[in-house]
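# got a predicted model here, sequence first, then my questions.
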Amino acid sequence: MKTNKILISVIVAFIFLLIMMPQCFAGDQELKSLDFDITLNDKGDMTIVETWDVEVYDTNTLYKTFPYNKSQGGNFSFSNVSVRDMTKGDGVEMTNVGRWMYHVDKGGYYATNNDEGIFEIGWSADSENKTSHKKYKIRYTVNNIIGVYNDCSELYWQLVGKAFEIPAENVTGTIHLPMAVSDLEDLRVWAHGPLTGEIDKKDNKT
């Protein structure tokens, strides 16, 4: 990655935050808050940490699918997936069960293609026949997601939108650029979404 134009283009991609998102199938759930912490690197990868504060109603598995293929976004791939149950104290790292499951075993998660060939992360919610207040951190890296052109580089990634089936009271997100912009005036940010939403430049790389 090179030049300030690259960094501006990367931030511009955040406008799609509330347009359309990887789907999440999970019955009648409700998110109290949903936060995205996104770190970009100069190799063209991004690491996302999603923090879910969610009311889970009578289900034992939460799902999130990423309906992307190479024709839609290039030769990117997923790696370094982990799920941590943060409901109590410092949390507990969940165990990768290594395969797709409709009902994930307690304490487990998977990160693989589902039966439709779409990448999906699913994890145990352990809330059958009851209502539970849960917190999770879902971490994953999307490799080779930043497109490089002659005069700029571009990140296009959809986080939240109409395809996301769990209502959320509060959605927040932060993008950490791989390098600082030398002149803050050259960093321009905007967003499309609910009129109550806000987007700001925190500093010359955030």
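Sure, I can see it. Numbers count the residues shown, from 1 in each chain.
# quick check: buried residues in the longest strand seen in the chain?
For the chain, the strand with the greatest residue count under DSSP state E is strand 119-143. Burial within strand 119-143, assessed by neighbour count using 16 or more other CB atoms under 10 Å, is assigned to 119-127, 134-143. Any C-beta I mention is one placed from the backbone N, CA and C, and that applies to glycine too.
# ok, now stretch 87-97?
For stretch 87-97, by 16+ other CB under 10 Å, it's Met94, Thr95, Val97.
# and of the residues you listed, the nearest to Ser182?
Using CB to CB, Met94 comes nearest to Ser182 of these, at 41.8 Å.
# host element of Val83?
strand 77-85 (DSSP states H and E).
# show me which positions of that strand end up buried.
Those would be Phe78, Val81, Val83, Arg84, Asp85, for strand 77-85 by 16+ other CB under 10 Å.
# kindly report the same for stretch 107-120.
Those would be Gly108, Tyr109, Tyr110, Ala111, Thr112, Phe119, Glu120, for stretch 107-120 by 16+ other CB under 10 Å.
# swap in stretch 50-65?
Neighbour-count burial for stretch 50-65 [16+ other CB under 10 Å]: 50-54, 56, 59-65.
# filter the residues you listed down to the ones in strands?
50-54, 56, 59-65.
# and Tyr156, how many neighbours?
16 (other CB atoms under 10 Å).
# on the three-state scheme, it is what?
coil (DSSP: H, G, I helix; E, B strand; the rest coil).
# tell me the helix or strand right after the lowest-mean-pLDDT helix or strand in the chain.
Least confident helix or strand, the chain: helix 3-12 with a mean of 46, by mean pLDDT, DSSP states H and E. With elements assigned by DSSP H and E, the helix or strand that comes after helix 3-12 is strand 30-40.
# mind saving the C-alpha coords of that following strand as PDB?
This file holds the C-alpha atoms of strand 30-40, laid out as PDB (Å, rounded to 0.1, in the frame of the first residue of the first chain):
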ATOM      1  CA  GLU A  30     -31.700  -9.300  19.900                       C
ATOM      2  CA  LEU A  31     -28.400  -7.600  20.100                       C
ATOM      3  CA  LYS A  32     -28.000  -5.000  22.800                       C
ATOM      4  CA  SER A  33     -24.800  -3.800  21.100                       C
ATOM      5  CA  LEU A  34     -22.600  -4.900  18.200                       C
ATOM      6  CA  ASP A  35     -19.100  -3.500  17.800                       C
ATOM      7  CA  PHE A  36     -16.600  -4.000  15.000                       C
ATOM      8  CA  ASP A  37     -12.900  -3.300  15.600                       C
ATOM      9  CA  ILE A  38     -11.100  -3.500  12.200                       C
ATOM     10  CA  THR A  39      -7.300  -3.500  11.700                       C
ATOM     11  CA  LEU A  40      -5.800  -3.200   8.200                       C
END
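# and it, what other elements does it pack with?
For strand 30-40, the packing partners by 3 or more CB pairs under 8 Å, 6 or more residues apart in numbering; DSSP states H and E come out as strand 46-66, strand 171-176.
# please name the strands paired to the longest one in the sheet, noting orientation.
Using DSSP bridges, the neighbouring strands of strand 46-66 in the sheet come out as strand 30-40 (antiparallel), strand 119-143 (antiparallel).
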